Structure formats: C-alpha cells, structure tokens
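>>> model the structure of this input:
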Amino acid sequence: MGGTLDYDEAEARQEEAIYRTPAAAARRERVRGLLAPEPGDTVLSIGCGPGFEPAEIGWAVGNEGHVHGIDRSQAMLELARERCASLPQVTVLQGDAGDLPVADESVDAAVAVQVFEYLETVSSAVAELARVLRPGGSAVVCDADFASLVWRSPNPERMARVLRAFDDHCPQPRLGSRLAPVLREAGLTVDRVEPNTIVNTRLEEETFAYHLMQFIEDYAADHGAIGRMAAQAWANDLREQEVAGETFFSFTQYCYLVRKPASR
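Okay, the predicted model is just below:
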C-alpha cells in the first residue's frame, strides 16, 4: 500500500512483509481460485508488487504458459525478479496500469489486486485491461472500500479522526463498492462480486492489522491532519487494546470476476 504505488527500497521491503502475512496469502489463493488459470494460459499480473502473485500464478500455468508481471516501482520489480528468477514462464516488466506494455487481446486472464484504488484515473486502467484481454478472457479486479474498516480502540474518537485523515492516502478510497459501473462502461461483463474480509483478533507481527498500524504511523509523519505524536498515541491505544485481549480488526476488499465478451 502506498500513496502513489511508487516505493523506495525500504518501503518495498515493508510492503513485502505485508505480502508474507497469512491474510495476504489467503487473499492470493482466493483470487487464483476465482480466476482459475489453466496450464498454458497467458496471464497478466497488474501491479505485481514483490512478485508473490506472478510466481504463484506461474506455478499454475506451468512451463507452457506465461505470466507477465507489471509494476511501476523499480524497487518492487527488483524483489519480483528475485522471487521469480527460477520461473522461466514469468516475465517481469516495468509499466503502468494506464499504459500496459502488452499487445492487444494477448492475455487469457489478468489480475489487479488493490491497484486501481491508488490511481487518479480508474477508467483508463480499466480500458487498458479490456484492451489486452482476449475475447472470452477473464480478470479479477480486487479493490477496497475503506468504509469497511472496523478497528476497535479504547479511544474511538481518536481512531475515527486518524482513519478519516488516512482516507486520503489513496485517490479512490471507496472504489471497491463502486467499481462495477466502471468495468461495464469498458465493455466488460461482471460475472461475480465476492468480499474478501480480513479479520484479526491479535496485534501480532504476522497480522495484517500490525503492518497497517505501522504503515499509518509512517504515513502520519508527513500528514499534518494526523501528525506523528497523534499517530503514536493512536498506536499506543491499539497496543493497550491488545494487552487487554480485546483486539478486533476487520477490513473488506471486493473481488470482481469480469469477462470480456467473446467476439461474434
């Protein structure tokens, strides 16, 4: 996660730690289940991050298939190339969701997980997705609506203030609940929408909540509406909640299974 999808090396490593959590691994598994890539397929991973997604899809499509991993961040691409180095069926390229370096109607399937919500203009990225899919091809687009975020705190007023300010960390914080019309306008058929909800009842290092807490603390350092001291007080509230055994965190992303209609 990040305000622009651009990362330096330290930020990329921080993001990689989130991808290692059981919640992130379960989400990738669920997305693959929806997409159902088959051996021999050509698949596009938009915003591939540190490479977990293209690597795992690469195993699914096998040596006769191919996976294009696309990311705009050089730091992320270095991690992805390292992770996918033993998979000749995976190619990792620098590129932007709004200008994909992939030929027209050249991929059987595509995934874009928590990418479009970080774009200023979603329609151009969705148009690019429709352009590169073959007729009859499918994609899973997964984005959050941050209004779904439920996070218990002993200081609910401070929690609400921090989360309101955090909303502007991305240009489209409500995209998950309003993505269907954008997809349809690009000529894609929405076959299914499924929620992917992450629930944590502990604030441990392997949890999504722990890493999001760290991300918000770092974000607050450069955000006047929160400020570092207020963010530290907020994080201490959460640690107090954990000591009391009352941690509760729930966050929902919405996965859209879409299809490009077959040519007539």
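
>>> contacts and neighbour counts: CA atoms only from here.
OK.

>>> check which element follows the helix or strand of the chain with the lowest mean pLDDT along the chain.
Scoring the helices and strands of the chain by mean pLDDT, DSSP states H and E places helix 9-19 at the bottom, with a mean of 84. Moving toward the C-terminus from helix 9-19, the next helix or strand (DSSP states H and E) is helix 22-35.

>>> shaky segments in the stretch 1-150 of the chain?
In the predicted model, the stretch 1-150 of the chain carries pLDDT under 70 at residues 1-6.

>>> could I get the full set of helices for it?
Using DSSP state H, counting those that start in this stretch, the helices of the stretch 1-150 of the chain run over 9-19, 22-35, 52-61, 74-83, 122-132.

>>> check which helices and strands the fourth one sits against.
If you count contacts as 3 or more Cα pairs under 8 Å, 6 or more residues apart in numbering; DSSP states H and E, helix 74-83 packs onto helix 9-19, helix 52-61, strand 90-94.

>>> would you reformat the ones you listed as a markdown table and include mean neighbour count and distance to residue 171?
What follows is the helices and strands packed on helix 74-83, written out as a markdown table (neighbours: other Cα atoms under 10 Å; distance: least, Cα to Cα, whole Å):
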| stretch | mean neighbour count | distance to residue 171 |
| --- | --- | --- |
| helix 9-19 | 17 | 19 |
| helix 52-61 | 23 | 24 |
| strand 90-94 | 21 | 22 |
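
>>> CA atoms of the longest helix along the chain as PDB?
Among the elements of the chain assigned as helix by DSSP state H, the one spanning the most residues is helix 228-243. Extracted as PDB, the C-alpha positions of helix 228-243 are listed here (Å, rounded to 0.1, in the frame of the first residue of the first chain):
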ATOM      1  CA  ARG A 228       3.500  11.900  14.400                       C
ATOM      2  CA  MET A 229       2.500  12.400  18.100                       C
ATOM      3  CA  ALA A 230      -1.100  11.800  17.500                       C
ATOM      4  CA  ALA A 231      -0.300   8.700  15.400                       C
ATOM      5  CA  GLN A 232       1.900   7.300  18.200                       C
ATOM      6  CA  ALA A 233      -0.800   7.900  20.700                       C
ATOM      7  CA  TRP A 234      -3.200   6.100  18.400                       C
ATOM      8  CA  ALA A 235      -0.900   3.100  18.000                       C
ATOM      9  CA  ASN A 236      -0.400   3.000  21.800                       C
ATOM     10  CA  ASP A 237      -4.200   2.800  22.100                       C
ATOM     11  CA  LEU A 238      -4.100  -0.300  19.900                       C
ATOM     12  CA  ARG A 239      -1.300  -1.900  21.900                       C
ATOM     13  CA  GLU A 240      -3.300  -1.200  25.100                       C
ATOM     14  CA  GLN A 241      -6.300  -2.900  23.500                       C
ATOM     15  CA  GLU A 242      -4.000  -5.900  22.700                       C
ATOM     16  CA  VAL A 243      -2.800  -6.200  26.200                       C
END
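
>>> mean confidence score for it?
Average pLDDT, helix 228-243: 94.

>>> and the contacts of it?
Helix 228-243 is contacted by residues 152-155, 158-159, 162, 202-203, 213, 216-217, 220-222, 247 when judged by Cα atoms under 8 Å, 6 or more residues apart in numbering.

>>> what does stretch 105-120 give?
1-5, 31, 35, 37, 41-47, 97, 122, 125, 129, 131-144, 170-176.

>>> in that stretch, what's buried?
105-119 (16 or more other Cα atoms under 10 Å).

>>> tell me where the stretch 51-200 of the chain has strands.
In the stretch 51-200 of the chain, strands defined by DSSP state E, counting those that start in this stretch lie at 66-71, 90-94, 107-113, 133-144, 150-151, 189-200, listed in chain order.

>>> quick one, the third one and helix 52-61 angle?
I take that to be strand 107-113. Interaxial angle of strand 107-113 relative to helix 52-61 (axes from the mean of the first three to the mean of the last three Cα atoms, to 10 degrees): 150 degrees.

>>> can you tell me the strand partners of strand 107-113 and which way each runs?
Strand 107-113 pairs in its sheet with strand 42-46 (parallel), strand 133-144 (parallel), by DSSP bridges.
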